[in-house]
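> quick one: sequence and predicted model below, then my questions.
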Number of protein chains: 2
Amino acid sequence: MSRVSSPETAADLAAVAALLEMADRLNILPLLERGEPVTAAELAVAAEVPEEGMSGFVSALVAAALLVPAGVKDFRIADDFADRIHESGYLTWSLRANQPYLQNPAAFLRDPAGAAEQFQRNGREVAVSSRWIGSQSFYPAATETILDARPKRIADLGAGAAGLLIDLLGRLPECTGVALDMSAGACQEAARAALAAGVGDRLDVVERPIQSIADDPTPVAGADVIHAGFVFHDIVKEGDVFDRVLRQCREALRPGGIMAITDAVPFAAAERERRFSALFSYLHAGFMDVALPPEEDWLDRFRQAGFDQARCVPHRFPGGRLFIAAK
Amino acid sequence: MSRVSSPETAADLAAVAALLEMADRLNILPLLERGEPVTAAELAVAAEVPEEGMSGFVSALVAAALLVPAGVKDFRIADDFADRIHESGYLTWSLRANQPYLQNPAAFLRDPAGAAEQFQRNGREVAVSSRWIGSQSFYPAATETILDARPKRIADLGAGAAGLLIDLLGRLPECTGVALDMSAGACQEAARAALAAGVGDRLDVVERPIQSIADDPTPVAGADVIHAGFVFHDIVKEGDVFDRVLRQCREALRPGGIMAITDAVPFAAAERERRFSALFSYLHAGFMDVALPPEEDWLDRFRQAGFDQARCVPHRFPGGRLFIAAK
């Protein structure tokens, strides 16, 4: 793939990410992302700031083509707003969420364990940037695979705010789901979002770590599809836990059901993904003590857990892969 | 100009900026930027970290195409390293140098003066990111204008580490220069860099703010060219100081000499520059109390100071303009 960026592209992306970070800090993104026209006065109320100040910020967002005027006093988000959020996620994950690592590399290279204790990432910054990167519409592979299986029950491990599940339940009116996440905040947000999307009665939210499935597979029991996004790499180093969780998932699946893991391989070499994959792999290995398994390792782990025909599909996320196996 | 970015572009730029920020924090950029082959051991000494740790970081830089192997144990920077530094400057200026603004917008919208006192930018982060953005080779307009004038003496106001002057003195063997900057650190770096470049005997370094020219124009006396980059906007609000400085510059210039100001206009509307210009203008106006003058204002100020034929040349920097007037 040829290089298509230019200095203006870098300036554009940087400015947009900075303005969106300010919008996030002002708590006005939920109001904007509804897509309806809003006024500076309404945004000022949401942000608890004076209207005059919010008007100035709104003018900057209009100048930057993130908002467009919609009537005399109204504004709405530009057509490419979702793309802009998604792109900005890569910048805020790299430069903001990982800031404690970027600013203290010498400490980590001298004493990884001590530095890891001293310099910790901000959970909210990690969650917000991951959500921006992870907007489902940019990654159709998992969605399509799951829809093709016509499932009646879907479990998502490490579901976060359940964006994937809520999207799927909206498209599959007879399907139910279970969202498992170890974060209480994510679970609350998942329950809230499911209600708002009208699928609250079909989604169970379970606050538990993925490791718990090794000893108690109840949450995944009877699923046609079990998906896990970027959580299996967290348990790679925990002895046989990975194998026990994957084996339990296989046993819990209905006959013909599928296991789908979205995760990352280390140091993907393709031109399209080598730079971000290098950062992602290096920070996980050197700063988070997570050695991402290579593609062949992922496939081996499926085989060891009793799956056959596991396959690997490239993912839009640089270094990301979708591993799929049928029971 | 059509939009050429893609999600991979954002991921690429973000990862590269993050890795370069780590390299900067490890103090290995000066060694790398020489362009000679280096070993991980040499880089480890410069960073004062264990060689094993530095080897891991070097491997990540190779995986990200920022370094390339050059022999068994040697590495050198990739051919596009300077471009990567330049692009990263936009990201680190926007997201790192301005972080106190981005993370506290509500405080600034409620009480700009109080917030400005409480949340201040880190001078080093501003200087490093500005230097990355400002690499002279990316902005040929000022260099070409000055070279065309065949000057014998050049003054640069707000010269920083004197990158522009050192480049010009290298190309003009009979020319001398004076670098004026209010930062002691920048002046020390300018003197060091001029010596290293072999032009130390032809460069005077003067530690003074630009405002001082209003009462004492000695540093600019007898120059054929006076350049000022991104400093005049700092004195816009200081009553008649702007006018007095510019008038003194005109009087100090030799007949036929030229005044060249590189600076910014607010909220430039062209598609190429509107996003970054919006951020730059908004942060200056709302967070740094600097109202950038529109293009016509800049030209008026030249006229008021006694210049005629002032003209405005677009600058590669989004929102940047080069204003040129002959005496």
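Good, I have the coordinates.

> all contacts plus neighbour counts: C-alpha atoms, from now on.
Noted.

> what residues are up against the residue in the stretch 1-150 of chain A positioned nearest to chain B?
Chain B sits closest to A:A64 of the stretch 1-150 of chain A, with a gap of 4.1 Å, by Cα to the nearest Cα. With contact set as Cα atoms under 8 Å, 6 or more residues apart in numbering or on different chains, A:A64 has these partners: A:V16, B:R274, B:R275, B:F276, B:S277, B:A278, B:L279.

> need the pLDDT of the fourth one.
Reading off the per-residue confidence, B:F276 sits at a pLDDT of 98.

> what's it sitting at in phi/psi?
For B:F276, the backbone dihedrals (degrees, to the nearest 10) come out as phi -70, psi -40.

> picking that back up, ok, and the most crowded of the contacts of A:A64?
Highest neighbour count within these, by other Cα atoms under 10 Å in any protein chain shown: B:R275, with 32 neighbours.

> leaving out chain neighbours, which residue sits closest to it?
If the residues on either side of it in the chain are set aside, B:R275 comes closest to A:A64, at 4.1 Å by Cα to Cα, 6 or more residues apart in numbering or on different chains.

> related to what we said a few turns ago, for the contacts of A:A64, which one is nearest B:R124?
Lowest distance from B:R124 to these (Cα to Cα) belongs to B:L279, with 20.3 Å.

> would you confirm that A:A291 contacts A:F280?
No - judged on Cα atoms under 8 Å, A:A291 makes no contact with A:F280 at a distance of 10.8 Å.

> which of the two has more residues huddled nearby?
Neighbour tally, A:A291 and A:F280, criterion other Cα under 10 Å: the higher count belongs to A:F280, 22 against 18.

> please report phi then psi for A:D79.
Main-chain dihedrals, A:D79, degrees, to the nearest 10: phi -60, psi -30.

> distance from stretch A:271-283 to the middle of the chain?
Here stretch A:271-283 shows a centroid-to-chain-centroid distance of 17 Å under the convention Cα atoms, centre = their mean, to the nearest Å.

> try stretch A:135-152
14 Å.

> just stretch A:185-201 next, same as before
16 Å.

> what's the answer for stretch A:19-39, then?
In terms of Cα atoms, centre = their mean, the centre of stretch A:19-39 is found 20 Å from the chain centre.

> pretty sure A:G177 is in a helix, no?
No - secondary structure assignment places A:G177 outside any helix; it is strand (DSSP: H, G, I helix; E, B strand; the rest coil).

> residues touching the lengthiest helix in chain A, excluding its own?
In chain A, assigned by DSSP state H, the helix with the most residues is helix A:7-25. By Cα under 8 Å, 6+ apart, the list of residues contacting helix A:7-25 from outside reads A:29, A:61, A:64, A:66, A:84-85, A:87-89, A:91-92, B:4-5, B:10, B:13, B:86-88, B:90-91, B:94-95, B:102-106, B:272-273, B:275-276, B:278-279, B:318.

> repeat that with 7 Å
A:29, A:88, A:91, B:5, B:10, B:13, B:87, B:90-91, B:94-95, B:102-103, B:105, B:272, B:275-276, B:279 (Cα atoms under 7 Å, 6 or more residues apart in numbering or on different chains).

> show me which residues of the stretch 51-200 of chain A are close to chain B?
For the stretch 51-200 of chain A, the contact set with chain B under Cα under 7 Å from any Cα of the partner chain comprises A:53, A:60, A:63-65, A:87, A:90-91, A:94-95, A:102-103, A:105-106, A:109-110.

> ok, A:P50 - contacts?
Contacts for A:P50 (Cα under 7 Å, 6+ apart) come out as A:A44, B:L109, B:R110.

> which of the residues you listed fall in helices?
Per DSSP H, the contacts of A:P50 map to helices at A:A44, B:L109, B:R110.

> just name the closest of these to A:W298, please.
Lowest distance from A:W298 to the ones in helices among the contacts of A:P50 (Cα to Cα) belongs to A:A44, with 48.7 Å.

> which residues of chain A score low on pLDDT?
For chain A, applying pLDDT under 70 flags the ranges A:1-7, A:136-137.

> please enumerate the strands of the stretch 1-150 of chain A.
In order along the chain, the stretch 1-150 of chain A carries the following strands (DSSP state E, counting those that start in this stretch): A:38-39, A:67-69, A:74-77.

> let's have those strands in TSV, adding mean neighbour count and distance to B:E144.
TSV is the format used below for the strands of the stretch 1-150 of chain A (neighbours: other Cα atoms under 10 Å in any protein chain shown; distance: least, Cα to Cα, whole Å):
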stretch	mean neighbour count	distance to B:E144
strand A:38-39	19	47
strand A:67-69	19	38
strand A:74-77	21	42
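
> got these as a markdown table, with distance to B:A326 columns?
Shown next, in a markdown table, are these (distance: least, Cα to Cα, whole Å):
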| stretch | distance to B:A326 |
| --- | --- |
| strand A:38-39 | 48 |
| strand A:67-69 | 42 |
| strand A:74-77 | 45 |
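
> contacts only, for the most centrally placed residue in chain A.
Centrality entry for chain A: nearest residue to the mean C-alpha point is A:G134, 3.7 Å, by Cα atoms, centre = their mean. If you count contacts by Cα under 7 Å, 6+ apart, A:G134 has none.

> for the residue at the greatest distance from the centre of chain A, what are phi and psi?
For chain A, the residue at maximal distance from the C-alpha centroid (Cα atoms, centre = their mean) is A:V72, at 37.0 Å. When read as degrees, to the nearest 10, the backbone of A:V72 gives phi -60, psi -50.

> repeat for A:H227
Residue torsions, per degrees, to the nearest 10, at A:H227 are phi -110, psi 150.

> count of neighbours near it?
By other Cα under 10 Å, neighbour count at A:H227 equals 25.

> isn't it right up against A:R153?
No - counting by Cα atoms under 7 Å, A:H227 stays clear of A:R153, with 11.2 Å between them.

> tell me how far A:N98 lies from B:M22.
11 Å (Cα to Cα, to the nearest Å).

> A:P140 now?
In terms of Cα to Cα, A:P140 sits 33 Å off from B:M22.

> excluding chain neighbours, what is closest to A:A40?
A:S55 (5.4 Å).

> done for today, thanks.
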